[in-house]
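# Next one to model:
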Amino acid sequence: WSENFARLGIKFLRSPTMAHPDHFDMNALLAYAVANNREDELSKSCMAWEKLKSGFWKAQQLSHNYVKGVAVDLTRHENDESGDIGYTVTLADGTEITSSYVVLALGPIGAPIIPPKICNVPKGQLISWKRMQKDIQPHHVVGGGLTAVQSAQYCLRQGKKVYICSRRPLVERHFDIDTCWFDRRSANMHISDFYHKPESQRLADLREVRGGGSVPPMYMEDVRKWQAKGMLTLVHGAEPEFLRSTEDGKVWTSMGQETSAFDCIILACGIKPDCTANSFVKKIQEKYPVKQIGGFPNVSVDLEWSKNLLVVGALASLNVGPDSGNIMGARRAASIVANTLECKSWLRDEKGRGALSNPFTELFWDEEDSSSDSDSD
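A predicted model of the protein is given here:
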């Protein structure tokens, strides 16, 4: 998170202000910004419906002191007497952490998508956007979403000329998914429809709803400025093709009718979902296998991989929805996990009644009580 934000110079989170952990007040984040005179850290999203309010929350430098290490293995153990199940997580430094429950919140997992006609580009000249360096000159960025644009901006700020090559023109949109998925007036209907579809159709919906990526207006304005300066060229409708590599370290590619030489090609095409691309998850799958669909684990409706091992975030997309990797989906998944772990049990008394229920219900007679009393009379 920190490295990616620093590398790409990201200033705003691409989220509406209603995307936050507070389940009880949709406007809590907006109210916080107003109460603390931090409204200047919000960017207007100009949404078509007013209740979504304004748009992007400025990214702050957050402390990550809660990170304890890199998990490399997980082992399940069961108490023979009680039958309780727990887990031991092993970290890279050998530390072992034992817990009754484990929640996997690992973000998108998969292998980078590489267009087939540039697979033969020499190693070191075809790099992921996460491996960009400052000391190389003309760049060819392949991708059609926000990460491709942010990668291009990074190179442009270094004074380099950039080409962005995509299958289709850049789509200008505030959010990758339609607002109906987080509009509280329609979200429940969309989520319910998603849940009741077979897994294969859900997988197709995940791809269709996101639509191959998009770019917010605030970024498109910057794109147009760089285009006007002659530093940025957009090419769409043509698949890049590797032609040759020269002795001076240049990569020659064709993009439709245009042929150019670059120091390197930067991949920003997203990933093909594959949870086993993560070595930690791969070990879990080997020990406690579950059905894989399109690279996603097909967990239970309670988001359990196995007993007391739960999954949230992008890894739970098949059971949460197309916004699972975003804050709104993460909040919904957190609520499911909280119910599964019975974290809300404090809301009930010893008789199982809700804390907000009417405590005087026992004072009222039902029909059976009434009839029995009349019979005795």
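
# List the contacts of the residue lying closest to Leu29 once chain neighbours are set aside.
Spatially, and ignoring its direct neighbours in sequence, Leu29 is nearest to His20 (4.3 Å; C-beta to C-beta, 6 or more residues apart in numbering). C-beta here means a position set from N, CA and C on the backbone, and glycine is covered the same way. His20 makes contacts with 28-29, 327, 331, as judged by C-beta atoms under 8 Å, 6 or more residues apart in numbering.

# pLDDT score for His20?
With respect to pLDDT, His20 scores 76.

# and if you look at Ser300?
Ser300 is assigned a predicted lDDT (pLDDT) of 91.

# how much space between it and Ala148?
Using C-beta to C-beta, to the nearest Å, one obtains 36 Å as the distance from Ser300 to Ala148.

# ditto for Val72
When distance is defined by C-beta to C-beta, Val72 is 32 Å away from Ala148.

# In terms of neighbours, single out the busier of these two.
Using other C-beta atoms under 10 Å, the more surrounded residue of Val72 and Ala148 is Ala148, with 24 against 14.

# Could you verify that that one is part of a helix?
Yes: residue assignment for Ala148, taken from DSSP: H, G, I helix; E, B strand; the rest coil, places it within a helix.

# Arg167 is in contact with that one, correct?
No: with contact taken as C-beta atoms under 8 Å, Ala148 and Arg167 are classed as non-touching, separated by 11.3 Å.

# Can you give me the neighbour number for the nearest residue to Pro21 once chain neighbours are set aside?
Of all residues not flanking Pro21 in the chain, Arg331 sits nearest, at 5.9 Å (C-beta to C-beta, 6+ apart). Residues contacting Arg331 under the criterion other C-beta under 10 Å number 17.

# Surely Arg331 touches Phe24?
No: Arg331 is not in contact with Phe24 according to C-beta under 8 Å; the separation is 11.6 Å.

# Which residues are in contact with Val311?
If you count contacts by C-beta under 8 Å, 6+ apart, then Val311 has 103-105, 297, 299, 303-305 around it.

# Please list only the buried members of those.
Neighbour counting over the contacts of Val311 (16 or more other C-beta atoms under 10 Å) leaves 103-104, 297, 299, 303-305 as the buried ones.

# Now intersect those residues with the strands, please.
103-104, 297, 304-305 (DSSP state E).

# quick one, strands of the stretch 101-250 of the chain?
Per DSSP state E, counting those that start in this stretch, the stretch 101-250 of the chain carries strands over the ranges 102-104, 110-112, 126-128, 139-142, 162-166, 232-236, 241-245.

# elements contacting the fourth one?
Applying 3 or more C-beta pairs under 8 Å, 6 or more residues apart in numbering; DSSP states H and E, one finds that strand 139-142 contacts helix 146-157, strand 162-166, strand 258-262, strand 264-267.

# got the CA positions of the second one in PDB?
Looking back up the chat, that one is strand 162-166. Output for strand 162-166, consisting of C-alpha atoms alone and laid out as PDB, is shown next (Å, rounded to 0.1, in the frame of the first residue of the first chain):
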ATOM      1  CA  VAL A 162       5.100   7.900 -23.000                       C
ATOM      2  CA  TYR A 163       2.700   5.900 -25.200                       C
ATOM      3  CA  ILE A 164      -0.400   4.200 -23.600                       C
ATOM      4  CA  CYS A 165      -1.600   1.300 -25.700                       C
ATOM      5  CA  SER A 166      -5.000  -0.100 -24.900                       C
END
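
# Other residues contacting it?
Contacts to strand 162-166, defined as C-beta under 8 Å, 6+ apart, come from residues 138-144, 148-149, 152, 155-156, 170, 226, 231-236, 238, 240, 255, 260, 262.

# One more: the longest one?
Outside helix 146-157, the residues within contact range by C-beta under 8 Å, 6+ apart are 7-10, 14, 129, 132, 139, 141-143, 162, 164, 166, 170, 176, 213-216, 219-220, 222-223, 226, 231-232, 266, 268-270.

# Weed out the non-buried ones from those.
Buried members of those, scored by 16+ other C-beta under 10 Å, are 8, 10, 14, 129, 132, 139, 141-143, 162, 164, 166, 170, 176, 213-216, 219-220, 222-223, 226, 232, 266, 268-270.

# Identify the residue nearest Ile97 in space, chain neighbours excluded?
In space, Ile97 comes closest to Val89 once its chain neighbours are excluded; the distance is 4.7 Å by C-beta to C-beta, 6+ apart.

# Enumerate the beta-bridge partners assigned to that neighbour.
For Val89, the beta-bridge partners under DSSP bridges are Leu74, Ile97.
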